[in-house]
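Visitor: with the input below, show me the fold.
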Amino acid sequence: MVRVLIIEDHEEEAQHVKEAIVRLSDSSTLSYEITIITENFNEEKLSGYDLYFLDINMGLDNNGFEIAKTIQQQNSHACIVFCSNHENLVFESFRLDVMFFVRKSHLDQDIKEALCKFEKVYAKRLQFSEEWIGLDRSKQKVQMEDIIYLESDDNYTIIHLKANDEIRIKMSLKKVMDQLRFEKLILISRSIAVNLLYVTGINGNFIYMGNKQHFTASQRKMSEIKKLILESDD
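Guide: Residues are numbered from 1 along each chain as shown. So this is what the prediction gives:
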């Protein structure tokens, strides 16, 4: 299930976008769950989605560019599509490294292209992102891209996911790392492993994450961590 958030200050315009997504995704192999918000664009309401359709001009207090930056700080992996009548803003919008720009005057045509591009990105992620983690006698399916970091807690490992979810598993951090075998997960100390997809910066021994958390890495690990982060950005 792909979670979609439409951010638009006019309900009628938002409904047009929603109807276009529903209509144009009818033959897709993916299922889309669509939410609309038209006010109170706070961080809690913005988190936990895979695909965003975002208006740009929503009044002085709700600039679409600033909202996009907030979303990217929460989740550097988010797919953002700007949707606007102001086609002159297309070049400025791509400075934020968004996925697509939909012209409202060409709504169906552009949303079709945006969904096509998103589904290619989504399929590519799924090629390497799905793993099964044994959770007691059951199995819990986890997508790698949803893991922000792993935390050791005695004989357990807490898997912290986006949207503030977490899984507590009776397995050591080392065993979880060995089972996942995900190259983007790196051990930064004895008790913490972070997903490079969510690292937004480093300063000294501090590693900053897209969910506004930060961790202290061991001194002997820093050179290795910096190298891996630089390789990840390439």
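Visitor: list the contacts for Tyr49?
Guide: By C-beta atoms under 8 Å, 6 or more residues apart in numbering, the residues touching Tyr49 are Arg3, Val4, Leu5, Thr35, Ala78. Quick note: C-beta positions are derived from backbone N, CA and C, even for glycine.
Visitor: of these - the most surrounded one?
Guide: Highest neighbour count within these, by other C-beta atoms under 10 Å: Val4, with 24 neighbours.
Visitor: I'd assumed Ile34 was in contact with that one.
Guide: Yes: look at Val4 against Ile34 with C-beta atoms under 8 Å: they come within range, at 4.6 Å.
Visitor: returning to that earlier point: Lys112: which of the contacts of Tyr49 is nearest?
Guide: For these, the minimum distance to Lys112 (C-beta to C-beta) is 14.7 Å, reached by Val4.
Visitor: now the longest helix seen in the chain: buried residues?
Guide: Looking across the chain with DSSP state H, the single longest helix is helix 107-129. For helix 107-129, a neighbour-count test (16 or more other C-beta atoms under 10 Å) marks Leu107, Asp110, Ile111, Lys112, Glu113, Ala114, Leu115, Phe118, Glu119, Tyr122, Arg125, Ser129 as buried.
Visitor: joint contacts of Val4 and Ile34?
Guide: With C-beta under 8 Å, 6+ apart as the test, Val4 and Ile34 both reach Ile21.
Visitor: picking up where we left off before, looking at the contacts of Tyr49, which has the smallest pLDDT value?
Guide: Lowest pLDDT within those is found at Ala78 (82).
Visitor: got any ranges where this structure has weak pLDDT?
Guide: Residues of the chain that meet the criterion pLDDT under 70 lie in 59-62, 76, 124-142, 211, 229-234.
Visitor: enumerate every residue touching Asp146.
Guide: Applying C-beta under 8 Å, 6+ apart, the residues contacting Asp146 are Leu161, Lys162.
Visitor: give me phi/psi at it?
Guide: phi -90, psi -10 (degrees, to the nearest 10).
Visitor: and the protein, what are its domain boundaries?
Guide: Domain assignment for the chain by automatic domain parsing gives 2-128, 136-233.
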